[in-house]
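Student: pasting the sequence and the predicted coordinates here, then a few questions.
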Amino acid sequence: MVKKNTCVFISGKGTNLNNLIIKSRIYNFPIKIKLVISNNRKAPGIDIAKKNSIPFYIINTKSRYFENQTLTLLKKYNISLICLAGYMKILSKNFIFKFGKKIINIHPSLLPKFKGLNTFERVIDKKESKTGCTVHFVNDRLDSGKIIIQKYFDIVKGDNEKTLKFKTQRLEYSAFPEAIIRLYRHT
Ligand code: GRF
C-alpha cells in the first residue's frame, strides 16, 4: 500500500498531531506525515514535529504571499491530504480550490452544534446531555463541510469544561485516525 503524503496544520499543543504520527507508523495506516505547518511560531506542537524529524514550516498568515508559499510547499512534498488539527485560521476559498485535494478538520463538538470557539463553555451553558467530536471535510465556511465521523459521550453530573475537554480529546484520538481510514477505505 502506498501511503498518502499528509501535511498537518497546527496552532497549539499538537496532541492530535502526536497521535496521528504514532498511528501513521502502523504498517497499513493509509497516510504518512511528511510536513507540519504552524501559523504560530510558539506552538508546542512544533517540538513534536522536531522530535519526530518531520519537516515543519511556520507561516505568517499576515503576509499576502502566504497562501501561494504554502501551496508551493504542499506541492514540493507532494501532499495529497491536509489534516487541520487545532489550526485556528479559516482557509480561504482560493486556497482550498487551488490545493484541490482532500482537507479535513477535527472539531470538539457534535457539529452542526457549537461551531467556532469556546465549545465546552457553550455546551455547559446550553445544558446539553451529550457532546463529542466531529471530523469533517473543510470548505470555506467555518466548521461546515461534510461530516466524515462523529463520536460522543453522555454528559454526567459534575462534568465541567475541564472534564468535557479531557473526555472529548480522548475521543478525538480515535476519531481522527478512524476518519482517515474511512477516507481511503476503497483505494
Ligand atoms: C482539539 O481539541 C481540536 O478539536 C480543536 O483544537 C484542539 C487541538 O488540540 N480543533 P491539539 O493541539 O491537537 O492538542
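Tutor: Right, received. Where do you want to start?

Student: can you pull up the bridge partners for Lys151?
Tutor: Cys133 (DSSP bridges).

Student: how many neighbours does it have?
Tutor: Using other CB atoms under 10 Å, Lys151 is surrounded by 17 other residues. Where C-beta positions appear, they are placed from N, C-alpha and C, glycine not excepted.

Student: look up how far Lys98 lies from it.
Tutor: Remark: distance between Lys151 and Lys98 (CB to CB, to the nearest Å) = 32 Å.

Student: again with Pro30
Tutor: Counting by CB to CB, the gap from Pro30 to Lys98 is 24 Å.

Student: helix or strand: which one has the residue of the chain positioned farthest from its centre?
Tutor: What lies farthest from the middle of the chain is Lys157; by CA atoms, centre = their mean that is 29.5 Å. Secondary structure assignment for Lys157, by DSSP states H and E: no helix or strand.

Student: ok, now Ala175?
Tutor: With DSSP H and E as the test, Ala175 turns up in helix 161-183.

Student: that helix vs the ligand: in contact?
Tutor: Yes. Applying CB under 6 Å from any ligand atom, one finds helix 161-183 touching the ligand at 169, 172.

Student: now what about that helix, what contacts it?
Tutor: Outside helix 161-183, the residues that touch it by CB atoms under 8 Å, 6 or more residues apart in numbering are 15-16, 19-20, 23, 29-31, 81, 83, 85, 102, 104, 106, 108-109, 120-121, 123-124, 131-135, 148-153, 155, 159.

Student: mind checking which of those residues land in helices?
Tutor: 15-16, 19-20, 23, 120-121, 123-124 (DSSP state H).

Student: which among those are in contact with the ligand?
Tutor: Applying CB under 6 Å from any ligand atom to these, those adjacent to the ligand are 15-16.

Student: now the ones in helices among the contacts of helix 161-183 in TSV, with neighbour count and pLDDT?
Tutor: Below are the ones in helices among the contacts of helix 161-183 laid out as TSV (neighbours: other CB atoms under 10 Å; pLDDT from 0 to 100):
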residue	neighbour count	pLDDT
Thr15	17	98
Asn16	23	98
Asn19	18	98
Leu20	22	98
Lys23	19	98
Phe120	21	98
Glu121	13	97
Val123	23	98
Ile124	15	97
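
Student: who are the contact partners of the residue of the chain found nearest the ligand?
Tutor: Using CB to the nearest ligand atom, the single residue of the chain nearest to the ligand is Gly86, 2.6 Å away. By CB under 8 Å, 6+ apart, the residues touching Gly86 are 10-14, 16-17, 45, 106.

Student: so where do the strands sit in this structure?
Tutor: Taking DSSP state E, the strands of the chain run over residues 4-10, 31-38, 56-58, 81-84, 102-107, 130-137, 147-154.

Student: quick one: pLDDT of Met1?
Tutor: Per-residue pLDDT puts Met1 at 83.
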